[in-house]
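> Sequence first, then the predicted structure:
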Amino acid sequence: MRLREIRELIEGTSDCAFAVDGSGQIAAWNAGAAAMFGMSPDEAIGKVCGEIVQGMDECGRVCSADCIVHQAVRNHHPVGNLDLHVQTPGGRRWCNISVIIANEANSSLPFSVHIVRQIDVPKRLEILVRDFVVNGTGLAPEEAGTLISSTRMAARETELSDREVSVLRLLAKGVTTKAVADQLHISRTTVNNHIQHILRKLDVHTRLEAIRRAERAGLI
């Protein structure tokens, strides 16, 4: 597809929709997006997607310069629908976002078409029900969320290697770096390298954040 065709596709839907180029900048922005985010196409196009959307999930920030969705699209990995808490002029709203990968004829990196639908009330009800189940049954939040949630967290799109998953599972059990190295028969330097890759892929800053996000997303 050419950028003109991608823009025509975006403008052809009444849902909030926008396209992001391979560098993470807004390349197309329809009337629905302008209404939801309070920003005209002239104001939005050329800006970094994350600066406008400011998306978060229940574990924290999702949108960034190298967000999980951008990583998946860059690797031509299909992205499922996901729930994000986005910034709007009226405050934060829960939205369900579908992402479609579109290869552009003059670009080496694909574009990502985002279709956004507000689900604020259903999502808040889902969270309330999950918390009720946790308090009433003793299930862990991750287990209750898996049973109740009808959609997926952005972190589920993260492509962790088998070794990275093994490292993360051990860290989740409270195993030290040295013990991880001993159990996996690798050096502590290699373990630390794996941890740095995990932090970057999950777009978090600490091991605890990585463990929490991976558990909530069902990666470990």
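Sure thing, it's come through. Numbers count the residues shown, from 1 in each chain.
> can I get the CA coordinates of the helix or strand that contains Val191 in CSV?
When elements are assigned from DSSP states H and E, Val191 belongs to helix 188-202. The C-alpha trace of helix 188-202 is given here as CSV (Å, rounded to 0.1, in the frame of the first residue of the first chain):
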residue,chain,number,x,y,z
ARG,A,188,26.2,-14.1,35.9
THR,A,189,27.1,-11.7,33.1
THR,A,190,24.9,-13.7,30.7
VAL,A,191,22.0,-13.6,33.2
ASN,A,192,22.4,-9.8,33.6
ASN,A,193,22.3,-9.5,29.8
HIS,A,194,19.1,-11.6,29.6
ILE,A,195,17.6,-9.4,32.3
GLN,A,196,18.5,-6.2,30.4
HIS,A,197,16.8,-7.7,27.3
ILE,A,198,13.7,-8.6,29.3
LEU,A,199,13.5,-5.1,30.7
ARG,A,200,13.8,-3.5,27.3
LYS,A,201,11.3,-5.8,25.7
LEU,A,202,8.7,-5.4,28.4
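> roughly how far is the helix or strand that that helix is followed by from the heart of the chain?
Later in the chain than helix 188-202, the nearest helix or strand by DSSP H and E is helix 207-217. On the basis of C-alpha atoms, centre = their mean, to the nearest Å, helix 207-217 is displaced by 13 Å from the centre of the chain it belongs to.
> Could you pull up the residues touching the closest residue to Arg188 other than its chain neighbours?
Nearest non-adjacent residue to Arg188, counting by C-beta to C-beta, 6 or more residues apart in numbering: Ala181, 4.7 Å away. For the C-beta atoms, the positions are set from N, CA and C on the backbone; glycine is no exception. By C-beta atoms under 8 Å, 6 or more residues apart in numbering, the residues touching Ala181 are 187-188, 190-191.
> ok, of those, which come out buried?
Val191 (16 or more other C-beta atoms under 10 Å).
> Understood, closing this out.
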